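Novice: please find the sequence and the predicted model below.
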Amino acid sequence: MGKVFVDAIVQFTKEGEKIPLEIVWKDGKRFEVDRVLDIRKAASLKAGGRGIRYKCRVRGKEIYLFLDDDKWFIET
């Protein structure tokens, strides 16, 4: 298992929260985040690293998107 680093289009709230709106792959493909289901501090057990874990629904599938040292990644 590993990490795939991605770009993210993010909304910053007035409270300072970062809410991902879209995930952008290296090849430019964009995937809209349908809904953020949970946000918490957590470690990636599959890929290593720690930070903020966003449980998101993308195209009907639940994924974990991580923000670690200002870098976004998804577990592979």
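Specialist: Nice, I can see it. Numbering: from 1, shown residues only.
Novice: now the end-to-end length of stretch 13-21.
Specialist: By Cα to Cα, to the nearest Å, the extent of stretch 13-21 from end to end equals 12 Å.
Novice: tell me the buried residues in it?
Specialist: Residues of stretch 13-21 classed as buried under the neighbour-count rule (16 or more other Cβ atoms under 10 Å) are residue 20. In short, each C-beta sits where N, CA and C put it, glycine included.
Novice: tell me what residue 36 is bridged to.
Specialist: Counting by DSSP bridges, residue 36 is bridged to residue 56.
Novice: quick one: contacts for it?
Specialist: 19, 20, 54, 55, 56 (Cβ atoms under 8 Å, 6 or more residues apart in numbering).
Novice: among the residues you listed, which two are most distant?
Specialist: Spatially, the most separated pair among the contacts of residue 36 is 19 and 55, at 12.6 Å (Cβ to Cβ).
Novice: does residue 47 touch residue 3 like I think?
Specialist: Yes - at 4.4 Å, residue 47 counts as touching residue 3 under the criterion of Cβ atoms under 8 Å.
Novice: which residues do those two both contact?
Specialist: Residues touching both residue 47 and residue 3 (Cβ under 8 Å, 6+ apart): 73, 75, 76.
Novice: quick one: end-to-end distance for stretch 45-62.
Specialist: End-to-end span of stretch 45-62 (Cα to Cα): 16 Å.
Novice: quick one: buried residues of it?
Specialist: By neighbour count on 16+ other Cβ under 10 Å, the buried set for stretch 45-62 is 47, 49, 51, 53, 54, 56, 58.
Novice: who touches it?
Specialist: 1-3, 18, 20, 23, 31-44, 63-69, 73, 75-76.
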